[in-house]
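Colleague: Return atomic coordinates for the entry below.
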Amino acid sequence: DRKSMADSPSAAFVNSQAHLLKATSDNPLPTAVPPPIAATAGTLGVRHVLCLIGLPERGKPFIARRLDGYLSFFHGAQVKRFNINDYVVDDPGSDTNADKLHQDLRKFMMGNDETSARNMDSLTNELHIDENDRRRKNVDSGKVAIVYATESHSAFKEKWAGTSKERRRWMADTLRLDTEVGAKLIFIEVIVDKPDIIEANIIAKRKSQGELSPVTPAVMRDYKKRLSAYSKLYVTLQDDGSEDDLSYIKLYNYGHKVVTNRMHGYLRMRIAQFLTTIHTTPHVIYLSRHGQSEYNVLGKIGGNPPLSAAGAEYARRLGEWVPRNIMLQDGKVVRARLWTSSLQRTILTAAHIPHPLVLHSELGAAPRDDGGECGIGSILELSDEHSAKLGAGLARVPSYDAMGSPCRGMMPPETPPAEGEGGEVWEQMSPRVYRNLDEIFAGEYEGMTYEEIKAKAPDEASLRSMDKIGYRYPRGESYFDILARLDPLVHEMESYHEPLLLVSHQAVLRVLYCYLMGKPRTSAPKLEIPLHSVMKITYDGWNPPSEERVWLGPKPPEPSDDGQKNL
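Modeller: Residues are numbered from 1 along each chain as shown. Presented below is the predicted three-dimensional model:
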C-alpha cells in the first residue's frame, strides 16, 4: 500500500521509487527494495539495547528522550523506551519482573516492519526461508531499545537496572544467548559530580512531573541522604579489566570527558558522538527564513537571487530586533550566535545585524547605557592590560548601531581581536556561513515555477506530490538528503549554550523545526515556514518544547504564493 509506506517513518526506501519495483517485460524479476536511502543507511538491520546507568538525578530519563529523538529523526531507527519502573510487578529484583521486560523487548525487536516483510516474502516462497529468519534484519531500518529508570531508588534491585557487576553480567549473558534477537548491548553510565548540574536536573525533573514547588534546603537534605545510601550499594563500571568485554560509554558531566570501550560500528560511534554534545542547559533557537527574494516574487524555486524591496526591509527590521531580543535574555547581556546559509538571500537578510564586541566581564549583567544612540551597544572601555592583549593601540572597542554601523565618533579597530571563546572579548552574532543550510537543490528544475515543472514533466510532478520527503529532483536533492547534511550541524548546535539565530530556507527550516519541536520527520514537507517572521523555540529535553512567533513584516506584495509552498 503506497500510502501506508509513505507515512511509515522507518521505510527503507522512498515511495517515489515504488513504480520501479514492479515487474515489466524488460525486468520480470525486479529488485524488491532499492539501495538504502542516506537517512537510514547506517542503521539498516542493526539491533541495539542501550542501558542507562548511574546514580540518581544524573539525567538518565533526559538522555533517553534525547537519544530517542535523535536516532529516530536523523537515522530512521525504530526506537522504543523501556522504563524499568513500569515492570516492577513482583518483589524487587524478581525473575518475574526481569522476564516481563525481556519479553516486551523481544516483541519489539522481533516485530517486522513493512519493508522487511516486503523484501523477504518473495524469498520465503522461492527459497523456503522461514519468515522469522535472521536475514530479515538486513532490510529493516534498525531498532534501538533504551532501558532506563525514572526512579532509580525503587528500581535499584531490578536485574535490568545494571547497578552492579552481577546485574550487568546477567544482562550481557541474557542478550548474548538470545541469538534469535541478536541485539547488541551498550551500557551508558552517566557520571555527574558538579552540584549545579545535579540541582538543575532535580528542578527540571520535578517540573516535568508537575511538581512546581521550589527545591528547599529540606528537599536537598533528603536527596543527599537517599543518594548516600544508594551510592554505598551502586557499583560503577569497572576499570580493572573485569568488564572490558562489555561495550560501554562513560559520560562525565555531559561531554566534559567521555570514555568508550568496545564501541565498534557506525551507529555506536554516532551515539557516542551525540552524547558528547548534549547537555541539560535549556536551548533557545531562533529560526528565520530569508527575506522575500526576487525569485519569491516570480514564484520560482532555487537559484541564488537577491532580496526584493520587501525582503530588504525585513532585513533592516531584523537588524533592529535582534540586539534587544536575542543578545539580551531576561534583561541581561548574553553571548549570542548567528548562522546563515551560503546563498546571498540569507546573508543579505542578516547584513544589518550588529556584531558588538563585549567584554567577558559584561556578560550576565544588565547592559550599560551611556545615553548615546546605541543603547545596548554602549562603548566598552578597555583597560591598558586588555588593550595590550588585544593589540597595540586599541584603547576602546566600538559598538554598533541597529544598522550595523559603528556608533557616531567611533571607528572599528584596524586589527580585530581574537574570537570570543579564546580571547578577552566576545563578538556578538559573529556570522558563520554553512553550505549545509542551503536550500534544497532542485537540480534540473532550478529557477522554474511549479506550473512550469508540471507542464514540462507531469510524471515527475506527480511523483513528488505523492512522496515529498523521499522524492529526489532529477540531478538534485530530496528531503532525506537534507537530513543527511543537517546531521553534523545539529551535533554542533546541541553543544551550544548560547542563543542561536539561524537564517535559512523553507525546506531546511521545515526539517530543523520538526526536530526541535519533537515532530516526526515525515511531517516536515507539509509545514509552512512564513516569510518575515522569527520563530523562537525553547527546549530542555525534560519538558515539551515551547514556541513563540514574532511577525516583523512587512507583508510581501502580491502574489501571496511565493512558489515555495510545494518545495
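
Colleague: quick one: the residue nearest the centre of the chain and residue 210, what's the gap?
Modeller: Centroid-nearest residue in the chain: residue 490, 4.9 Å away (criterion: C-alpha atoms, centre = their mean). For residue 490, the distance to residue 210 equals 30 Å [C-beta to C-beta, to the nearest Å]. C-beta here means a position set from N, CA and C on the backbone, and glycine is covered the same way.

Colleague: How about residue 306?
Modeller: From residue 306 to residue 210 the distance is 51 Å (C-beta to C-beta).

Colleague: So for these two, which sits in the more crowded spot?
Modeller: residue 306 (14 against 6; other C-beta atoms under 10 Å).

Colleague: Would you check that the more buried one makes contact with residue 293?
Modeller: Yes. In this structure residue 306 lies within contact range of residue 293 using C-beta atoms under 8 Å: 6.8 Å.

Colleague: Can you pull the residues that touch both of the two?
Modeller: residue 345 (C-beta atoms under 8 Å, 6 or more residues apart in numbering).

Colleague: Residue ranges in the stretch 101-250 of the chain under the pLDDT threshold?
Modeller: 112-141 (pLDDT under 70).

Colleague: which residues of it fall in strands?
Modeller: Along the stretch 101-250 of the chain, counting by DSSP state E, counting those that start in this stretch, strands occupy 143-148, 184-191, 248-252.

Colleague: can I get those in TSV with distance to residue 27 and mean neighbour count?
Modeller: TSV is the format used below for the strands of the stretch 101-250 of the chain (distance: least, C-beta to C-beta, whole Å; neighbours: other C-beta atoms under 10 Å):
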stretch	distance to residue 27	mean neighbour count
strand 143-148	32	26
strand 184-191	37	22
strand 248-252	46	20
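
Colleague: need these in a markdown table with distance to residue 516, can you?
Modeller: Below are those laid out as a markdown table (distance: least, C-beta to C-beta, whole Å):
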| stretch | distance to residue 516 |
| --- | --- |
| strand 143-148 | 20 |
| strand 184-191 | 23 |
| strand 248-252 | 22 |
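
Colleague: Between the ones you listed, which one is closest to residue 365.
Modeller: strand 248-252 (30.8 Å; C-beta to C-beta).

Colleague: What strands flank the closest one, and is each parallel or antiparallel?
Modeller: Paired strands of strand 248-252, with direction, are strand 184-191 (parallel), strand 257-261 (antiparallel) (DSSP bridges).

Colleague: quick check: angle from the longest one to strand 143-148?
Modeller: Read that as strand 184-191. Taking axes from the mean of the first three to the mean of the last three C-alpha atoms, to 10 degrees, one finds strand 184-191 and strand 143-148 inclined to each other by 40 degrees.

Colleague: now swap in the last one and tell me
Modeller: What separates the directions of strand 257-261 and strand 143-148 is an angle of 120 degrees, with the same axes, to 10 degrees.

Colleague: Check which residues of strand 257-261 are buried.
Modeller: 260-261 (16 or more other C-beta atoms under 10 Å).

Colleague: Quick one: residues contacting residue 505.
Modeller: Residue 505 neighbours (C-beta under 8 Å, 6+ apart): 289-290, 341, 343, 346, 437-440.

Colleague: Repeat that for residue 530.
Modeller: Applying C-beta under 8 Å, 6+ apart, the residues near residue 530 are 289, 549, 551.

Colleague: 10 Å instead, please
Modeller: The neighbourhood of residue 530, defined by C-beta atoms under 10 Å, 6 or more residues apart in numbering, consists of 288-289, 506, 549, 551.

Colleague: Farthest pair within those residues?
Modeller: 506 and 551, at 16.9 Å, using C-beta to C-beta across the contacts of residue 530.

Colleague: between the two, who's got more neighbours?
Modeller: Between residue 506 and residue 551, residue 506 has the larger neighbour count (other C-beta under 10 Å), namely 23 against 11.

Colleague: Now do the helices in the stretch 101-250 of the chain.
Modeller: For the stretch 101-250 of the chain, the helices defined by DSSP state H, counting those that start in this stretch occupy 114-127, 152-155, 165-177, 195-208, 217-233.

Colleague: cool, the stretch 351-500 of the chain as well?
Modeller: Under DSSP H, counting those that start in this stretch, the stretch 351-500 of the chain gives helices at 384-390, 450-456, 458-466, 479-495.

Colleague: Which of those sits closest to residue 81?
Modeller: Going by C-beta to C-beta, the one of the helices of the stretch 351-500 of the chain nearest residue 81 is helix 479-495, 19.2 Å.

Colleague: Report the rounded mean pLDDT for the helix or strand harbouring residue 321.
Modeller: Under the criterion of DSSP states H and E, residue 321 resides in helix 309-325. Mean per-residue pLDDT for helix 309-325: 97.

Colleague: Report the buried residues of that helix.
Modeller: Neighbour-count burial for helix 309-325 [16+ other C-beta under 10 Å]: 310-323, 325.

Colleague: next one: stretch 85-92
Modeller: 87-88.
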